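Trainee: coords below, sequence missing:
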């Protein structure tokens, strides 16, 4: 088993507001994922991997400029996934790194990167495996700026629709599969 706390503490100072935000958000996502795993044993996912990947999926946020959640980096928030993936690849965890880079929104296609002129490398950032999809799905329920309660399905769909008319459909497909 990987010591995710040790990895996180390489980049985050324990008992700071940002550390607490990251840890609480990640624990919420992890619990949601474990609930889905319990509800759907037929999916046969690797629980240990899921727990680890949930705790590491947002490790790149400190590199971004998001003052409302105590992040004062120089990158745009949309970049946190691939930036975190780079950190996790350096830990020799390539599978975990893919979760980091593919969990933003419901995934970001290369076409969307180009059309929207996003500050991302020109490649697909779309969750492929059931594990990646499940973590991406669970992540949509929990905000880092409002940690006290999960988002409703309606709120999630409204937020996703702001970025693409296709995103709510993708989320609802996952909801029928995981919900």
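Mentor: All right, it came through fine. What you see is a predicted model, and the numbers here were worked out from it, not measured in a lab.

Trainee: burial of residue 143, as a residue count?
Mentor: For residue 143, the number of neighbouring residues by other CB atoms under 10 Å comes to 18. Every residue, glycine included, has its C-beta placed from N, CA and C.

Trainee: surely it is within a strand?
Mentor: No: according to DSSP: H, G, I helix; E, B strand; the rest coil, residue 143 belongs to no strand; its state is coil.

Trainee: so it sits against residue 151, correct?
Mentor: Yes: using CB atoms under 8 Å, residue 143 is in contact with residue 151, at 6.6 Å.

Trainee: quick check: nearest residue in space to residue 65, chain neighbours excluded?
Mentor: Leaving aside its chain neighbours, residue 65 sits nearest to residue 73 (5.8 Å; criterion: CB to CB, 6 or more residues apart in numbering).

Trainee: where does residue 138 sit, in terms of helix or strand?
Mentor: Element membership of residue 138 [criterion: DSSP states H and E] is helix 130-139.

Trainee: how close does residue 134 sit to residue 65?
Mentor: For residue 134, the distance to residue 65 (CB to CB, to the nearest Å) stands at 29 Å.

Trainee: quick check on the two: which one has the bigger neighbour count.
Mentor: residue 134 (25 against 12).
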